[in-house]
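Q: Structure for the following, please:
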Amino acid sequence: VSSVTLWRWTMVVGEHTLPLAQLFGLVRSSGVIGVDEKWVLVPKNDKPQGKRKRWMYVYLAVDVYTYDLLHIDIFPRNGQNEARAFLQALKAKGYQPRVIITDMNRDYDEPIQKVFAKATHHECVFHALQWAQRQIKDVYGSDYARIHPEAVDLKAKIYRIFKAKSKKTVRKRYRDVMALREQYSARTPDAECIFDFLERHYPKLVNAVENPLIPLTNNTVEL
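A: Got it, this is the predicted structure:
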């Protein structure tokens, strides 16, 4: 059968299985939930041949420790309103997470504060370091490793922050990096954005250190 037919069958099965969740109650949750969204191609049956697909955003909430899929939804756009609607639907199911883990998408900042005011918002350290590396590359060029040793040194110091096992060490390494701000900005003004990024996200990254409840990354949802 065609992929469109398979999609129709899946939608019919989905409509019949949704009431089962209400019948059997909530999936048990550890209270630590990862949230993420993916851009996917979705079939549309009301379109002419060759135009049956549309890019949309699938949002997922997954329990970080049980790997249970707690909620899933799809939106035509990706923004703060969609993040808020998704979290409100998760709350309507009865979930009250203690920790919500996201990547670096800032659309979640305000909705998490409003919908789950008591939850700790943690940002994935892996994604943060990826962003830091990307910013270093934007500032110093893709060939920075060969011609800008100071950029290589800065990247190593930033990565080293979150390899520490204690908050005391993390804070010290963070302060040491931020102390380099004036020096780097004076030499390369565009480097200011690297320190701005680290300063803005640091509070949502450090909360995983010495906290057995909060994982460093959002890998569960990614998987």
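Q: buried sites along stretch 179-193?
A: 180-181, 184, 191 (16 or more other Cβ atoms under 10 Å). The way it works is simple: take the backbone N, C-alpha and C, and place the C-beta from them, glycine included.
Q: Just the endpoints, please. Distance across it?
A: 15 Å (Cα to Cα, to the nearest Å).
Q: what's the average pLDDT for it?
A: The average pLDDT within stretch 179-193 is 96.
Q: tell me how far it is from the chain's mean position?
A: Its chain's average C-alpha position is 27 Å from that of stretch 179-193, according to Cα atoms, centre = their mean, to the nearest Å.
Q: Leaving out the residues flanking it, which one is nearest to Pro76?
A: The shortest distance from Pro76 to any non-neighbouring residue, by Cβ to Cβ, 6 or more residues apart in numbering, is to Met56 (5.5 Å).
Q: list the contacts for the one you found?
A: Residues in contact with Met56 (Cβ atoms under 8 Å, 6 or more residues apart in numbering) are 39-40, 42, 74-76.
Q: Could you do Tyr59 as well?
A: 35-37, 71-75, 82-83, 86.
Q: In these, which residue is surrounded by the most others?
A: When these are compared by neighbour count (other Cβ atoms under 10 Å), Val35 ends up highest, at 26 neighbours.
Q: in what helix or strand does Leu70 lie?
A: Here Leu70 sits within strand 69-75, counting by DSSP states H and E.
Q: Quick check: pLDDT value at the residue nearest the centre of the chain.
A: Centroid-nearest residue in the chain: Asp103, 1.8 Å away (criterion: Cα atoms, centre = their mean). pLDDT, the model's per-residue confidence, is 94 for Asp103.
Q: do the one 5 residues further on as well
A: The pLDDT attached to Tyr108 in the predicted structure is 96.
Q: thinking Val125 is in contact with Thr217, fair?
A: Yes - under the criterion of Cβ atoms under 8 Å, Val125 makes contact with Thr217 at 6.0 Å.
Q: Let's see which of the buried residues of stretch 179-193 end up in helices.
A: When the buried residues of stretch 179-193 are checked against helices (DSSP state H), the matches are 181, 184.
Q: how about low-confidence regions in the chain?
A: 13-27, 44-52 (pLDDT under 70).
Q: can you do 80?
A: Along the chain, segments meeting pLDDT under 80 span 3-4, 6-28, 42-54.
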